[in-house]
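**Q** turn this into a structure:
(one chain, ligands or ions: 1)
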Amino acid sequence: MDVKENQENDQSSKTISPRDLPAVGATIGRPELAERARLVGEKAVVAAVRTVIAEVRARLLGDEAKQVDRAAIAPAAIARRALELLDRSGPGLRRVINATGILLHTGLGRAPLSREAIEAIVDVSSGYSNLEFDLDSGRRGVRTTHIEKTLVELLGCEAAAVVNNNAAATVVALKALAHGKEAIVSRGQLVEIGGSFRLPEIFEVSGAKLKEVGTTNKTRIGDYDRAIGPETALILRVHTSNYRIVGFVEQPGIGELVELAHARGLLFVDDVGSGAIASGSPPRVAGEPTVSEAIAAGADLVLFSGDKLLGGPQCGILAGRRDVVDRIRTDPLMRAIRSDKTTLAALEATLRAALDPEFACKHIPLWMFLNAPFDSLSIRAERLAESLRAEAGFHALAISTEAYLGGGSVPQEAIPSRAVRVDPPFPAAAPRSVESLARAFRVGRPAIVPRVEQNSIVFDLAAVFPHEDQEILARFLDFIKTSSS
Ligand SMILES: *Cc1c(COP(=O)(O)O)cnc(C)c1O
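**A** Residues are numbered from 1 along each chain as shown. Next up is the predicted model:
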């Protein structure tokens with residue numbers, strides 16, 4: 001009996017021994033693994049191959065030994081499994097396709113950045129940058145010089161500073177301007193913005209004393225006037241971004257508040273929160289207070305988030321009078337909460353885009369989503385639903401929905417949108433239940449997060465980039481392929 005015959009006998013009797021498993025060294029040289037090693041390092045690839053071989057060995061030695069066939073121990077199969085493992089063990093923080101219909105979803109990282117902002121990050125962080133260096137004089141410079149110019153141009157303020165987020169902006173403003181003194185706030189504006197931002201607690205951290213005036217629904221200018229005493233440093237107005245008090249309500253206008261503050265030698269600070277730049281910037285958010293309006297009305301300082309309506313990176317922007325911003329800039333707390341170069345680069349690019357609203361509507365993703373014509377969403381939804389029916393065999397339908405801004409801004413304003421609804425029963429190869437199908441979308445790469453609604457899955461296209469439609473379709477097709485192979 002020669003060797004060949006012996007092997008054939010082996011195969012027919014289907015007894016594969018752990019000794020038949022390929023060596024790690026024999027697998028690792030395969031081109032697909034070598035290519036991955038260039039991206040993630042050889043160590044990670046070797047570890048994945050070892051894990052796969054150990055798994056197969058364990059199966060061969062266990063009760064399932066009979067179910068392991070020759071194909072499973074071929075180097076190509078080992079390599080494929082290893083690549084799958086590497087795919088799954090990639091970075092935990094990853095890209096998500098946001099099909100929830102919530103444009104500024106705090107859980108999904110709020111505003112996506114523009115191409116220009118991403119390129120600015122790459123540009124300043126791939127090498128060194130002039131973060132705190134004056135190229136003209138060759139001397140030490142100020143971190144926010146670059147950004148300040150654009151903010152001054154965009155908002156009409158005298159000066160500006162940038163910190164980690166708007167919560168930090170509020171803390172540092174209160175600390176620098178009212179530490180050990182009083183700041184007056186209407187009882188109708190003692191907001192909580194998502195969990196840990198609660199105004200009374202922000203005051204405690206800052207060391208300023210909160211002086212509440214008026215009632216939940218009505219605060220008059222006289223209430224502010226009577227509350228002013230020798231300890232009062234400023235009047236703070238806080239935009240009630242994520243709720244509305246309607247009905248029997250009254251709040252003084254910004255003009256009255258500025259006038260009162262200045263007549264009594266106090267500062268007026270306006271936390272506009274979501275940070276619409278001006279009317280129409282971004283489009284479709286009528287009724288929100290704007291930063292430009294507050295500056296024009298004479299606010300000494302305006303605070304807002306960079307990653308809400310501006311559509312930029314996470315940060316808090318403080319814009320206002322030169323002497324007020326200087327007091328904040330020199331506060332020791334600034335050192336702990338200032339933004340890094342990547343944020344500043346992305347912010348500057350976003351602000352420059354916002355100088356031209358028409359350009360911004362084509363380049364800043366949030367503005368683009370807000371500006372998207374309903375008809376183009378409709379065409380995309382119809383096309384995707386049709387492909388899901390024809391190519392993937394799902395019950396899919398284009399429907400009309402309501403999208404929301406979210407991110408703690410403009411709570412009730414619904415934005416008409418279009419979506420694809422997918423109803424069970426699903427094709428045999430796909431996960432069975434609505435929950436398990438939705439989960440399979442979430443755990444893939446990129447993650448896809450749809451809405452789960454009354455026994456159906458809804459993919460709202462309001463915050464989905466047009467090029468992502470294909471990725472959603474591809475994932476549906478994958479379910480069918482993987483399960484049938
Ligand atoms: C969102 C918001 C904040 C908190 O801003 P972050 O950037 O999330 O820290 C504070 N105040 C108002 C009015 C807001 O809308």
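**Q** mind pulling up the pLDDT for Ser484?
**A** The score at Ser484 is 40. That number is its pLDDT.
**Q** please tell me how far Ala54 sits from the ligand.
**A** Note on Ala54: its distance to the ligand, by CB to the nearest ligand atom, to the nearest Å, is 46 Å. Backbone N, C-alpha and C define where each C-beta goes, glycine included.
**Q** name the SS class of that residue, please.
**A** Three-state call for Ala54 (DSSP: H, G, I helix; E, B strand; the rest coil): helix.
**Q** off-centre distance for stretch 432-442?
**A** 23 Å (CA atoms, centre = their mean, to the nearest Å).
**Q** same question for stretch 16-25.
**A** How far stretch 16-25 lies from its chain's middle: 46 Å, per CA atoms, centre = their mean.
**Q** ok, Ala403 - contacts?
**A** Contact analysis of Ala403 by CB atoms under 8 Å, 6 or more residues apart in numbering lists 101-103, 414-417, 460, 462-463.
**Q** quick check, it in a helix?
**A** No: looking at Ala403 with three-state DSSP, it is strand, so not inside a helix.
**Q** state the pLDDT value of it.
**A** So, for Ala403, pLDDT stands at 95.
**Q** so what's it bridging to?
**A** Using DSSP bridges, the bridge partners assigned to Ala403 are Ile415.
**Q** separation between it and the ligand?
**A** Plainly put, Ala403 is 19 Å away from the ligand if you go by CB to the nearest ligand atom.
**Q** do Arg322 as well
**A** Here Arg322 is placed at a distance of 24 Å from the ligand (CB to the nearest ligand atom).
**Q** wait, that residue sits on Ala159?
**A** Yes: shown here, Arg322 and Ala159 form a contact pair, counting by CB atoms under 8 Å, at 4.4 Å.
**Q** more neighbours: the two, which one.
**A** Ala159 (20 against 12; other CB atoms under 10 Å).
**Q** what number of residues lie near the closest residue to the ligand within the stretch 1-150 of the chain?
**A** In the stretch 1-150 of the chain, no residue comes nearer to the ligand than Thr106, which is 7.6 Å away by CB to the nearest ligand atom. Using other CB under 10 Å, Thr106 has 15 other residues around it.
**Q** that one contacts Gly406, doesn't it?
**A** Yes: look at Thr106 against Gly406 with CB under 8 Å: they come within range, at 7.1 Å.
**Q** would you mind listing what in the stretch 101-250 of the chain touches the ligand?
**A** 165-167, 191, 193, 197, 238-239, 241 (CB under 6 Å from any ligand atom).
**Q** can you put these in TSV and add pLDDT and distance to Arg451?
**A** Shown next, in TSV, are these (pLDDT from 0 to 100; distance: CB to CB, whole Å):
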residue	pLDDT	distance to Arg451
Asn165	96	27
Asn166	95	28
Ala167	95	28
Val191	88	27
Ile193	81	23
Phe197	84	26
Val238	96	31
His239	93	28
Ser241	84	23
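**Q** return the subset of these lying in strands.
**A** Counting by DSSP state E, those place 193, 197, 238 in strands.
**Q** quick one: which of those residues is most hemmed in?
**A** Tallying neighbours with other CB under 10 Å puts Ile193 at the head of those, with 25 neighbours.
**Q** gap between it and Ile202?
**A** With the distance defined as CB to CB, to the nearest Å, Ile193 ends up 10 Å from Ile202.
**Q** can you list residues touching both of the two?
**A** Contacts common to Ile193 and Ile202, judged by CB under 8 Å, 6+ apart, are Ala167.
**Q** for this structure, which residue gets nearest to the ligand?
**A** Nearest residue of the chain to the ligand (CB to the nearest ligand atom) works out as Gly273 at 2.4 Å.
**Q** surely that residue is in contact with Asp307?
**A** No: counting by CB under 8 Å, Gly273 does not reach Asp307; the two are 11.7 Å apart.
**Q** could you chop this structure up by domain?
**A** 3-89, 96-109+369-484, 115-363 (automatic domain parsing).
**Q** what about Ile457, how many neighbours?
**A** Taking other CB under 10 Å as the criterion, the count of residues near Ile457 is 23.
**Q** over to Leu236?
**A** Leu236: 29 neighbours (other CB under 10 Å).
**Q** neighbouring strands for the helix or strand containing it, and are they parallel or not?
**A** Using DSSP states H and E, Leu236 sits within strand 232-238. Take DSSP bridges as the rule and strand 232-238 pairs in its sheet with strand 182-186 (parallel), strand 267-273 (parallel).
**Q** mean pLDDT added to the ones you listed, as TSV?
**A** Below are these laid out as TSV (pLDDT from 0 to 100):
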stretch	mean pLDDT
strand 182-186	98
strand 267-273	96
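**Q** mind checking the SS state of Val452?
**A** Recorded secondary structure, Val452: strand (three-state DSSP).
**Q** got a list of what the closest residue to it other than its chain neighbours touches?
**A** Excluding its sequence neighbours, the residue lying closest to Val452 (CB to CB, 6 or more residues apart in numbering) is Ala438, at 5.0 Å. If you count contacts by CB under 8 Å, 6+ apart, Ala438 has them with 450, 452, 457.
**Q** from the chain's centroid, how far away is the one helix or strand Ala438 maps to?
**A** According to DSSP H and E, Ala438 maps onto helix 434-443. Offset of helix 434-443 from its chain centre (CA atoms, centre = their mean): 21 Å.
**Q** hmm, back to that, what sits against the residue of the chain closest to the ligand?
**A** If you count contacts by CB under 8 Å, 6+ apart, Gly273 has them with 166, 193, 238-239, 241, 303-305, 308, 408-409.
**Q** next: Arg451.
**A** Going by CB under 8 Å, 6+ apart, Arg451 touches 99-101, 457-460.
**Q** ranking by neighbours, what's the top pick from these?
**A** Phe459 (30 neighbours).
**Q** any idea what the closest residue to it other than its chain neighbours is bridged to?
**A** Leaving out its chain neighbours, the residue that sits closest to Phe459 by CB to CB, 6+ apart is Ala99, at 4.1 Å. Here Ala99 sits in beta bridges with Pro450, as judged by DSSP bridges.
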